[in-house]
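Student: With the sequence up front, the predicted model follows.
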Amino acid sequence: MLAGVGLVAAAAFTWLGMVLAISFLEAPLKFRAPGVTVPLGLGIGRLVFAALNRVELVLLLLVAGGLLLAGTRPALVLVAAALAAAVLAAQLGLIRPALNRRSERVLAGEELPRSRAHLYYVVLEVAKVVALVLLGATALTPVG
């Protein structure tokens, strides 16, 4: 049971750190670096976020496995895990495909207006951060 709790917390906090570092640090800063053009930044971003999303799926599986090992946990742990999973599913199933199509058009030389999809992605990233903080913290809360 203790190993499962530790696995949930470790996976949640690792996931949280990666989201904070990449989504809220790397992504906006790369476009401020000297010589980074929009096409170059988009190309880097696509690679980085594709890798992040693969790691997020692995971390979600670790959370699920840890929850199975942990046994009974407070309902908030399950709600936070479900929220993180739902947010990731929405990002991967709805928003990322739209962003990928848009970035392909920009990389092909098309001039496009600003996209609301980025805003939706950021809003979901904030929701995911909240879910992961709750998940990690409540997973460590003693039961009983």
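Tutor: Noted; the coordinates are in hand. Only a predicted model underlies this, so the values are computations on that prediction, with no experimental measurement involved. Numbers count the residues shown, from 1 in each chain.
Student: make it CA atoms for all contacts and neighbour counts henceforth
Tutor: Noted.
Student: What strand or helix carries the most centrally placed residue in the chain?
Tutor: Nearest residue to the geometric centre of the chain (C-alpha atoms, centre = their mean): Val19, 5.1 Å. Assigned by DSSP states H and E, Val19 falls within helix 2-21.
Student: Against which helices or strands is that helix packed?
Tutor: With contacts defined as 3 or more C-alpha pairs under 8 Å, 6 or more residues apart in numbering; DSSP states H and E, the secondary structure elements packing on helix 2-21 are helix 38-70, helix 116-139.
Student: what mean pLDDT would you report for the last one?
Tutor: Taken as a whole, helix 116-139 carries a mean pLDDT of 96.
Student: what's the burial count for Gly132?
Tutor: Let me fix one detail, which is that residue 132 is Leu and not Gly. By the criterion of other C-alpha atoms under 10 Å, Leu132 has 26 neighbours.
Student: Gly65 versus the spatially closest residue to it that is not a sequence neighbour, what's the distance?
Tutor: Among residues not flanking Leu132 along the chain, Ala12 sits closest, at 5.5 Å (C-alpha to C-alpha, 6 or more residues apart in numbering). Distance of Ala12 to Gly65, given as C-alpha to C-alpha, to the nearest Å: 12 Å.
Student: Check Gly35 too.
Tutor: 44 Å.
Student: Counting neighbours, go ahead and name the busier of those two.
Tutor: The residue with more neighbours, out of Gly35 and Gly65, is Gly65; 15 against 10, by other C-alpha under 10 Å.
Student: wait, what's in contact with that one?
Tutor: Residues near Gly65 by C-alpha atoms under 8 Å, 6 or more residues apart in numbering: Gly4, Val8.
Student: I'm done for today, thanks for sticking with me.
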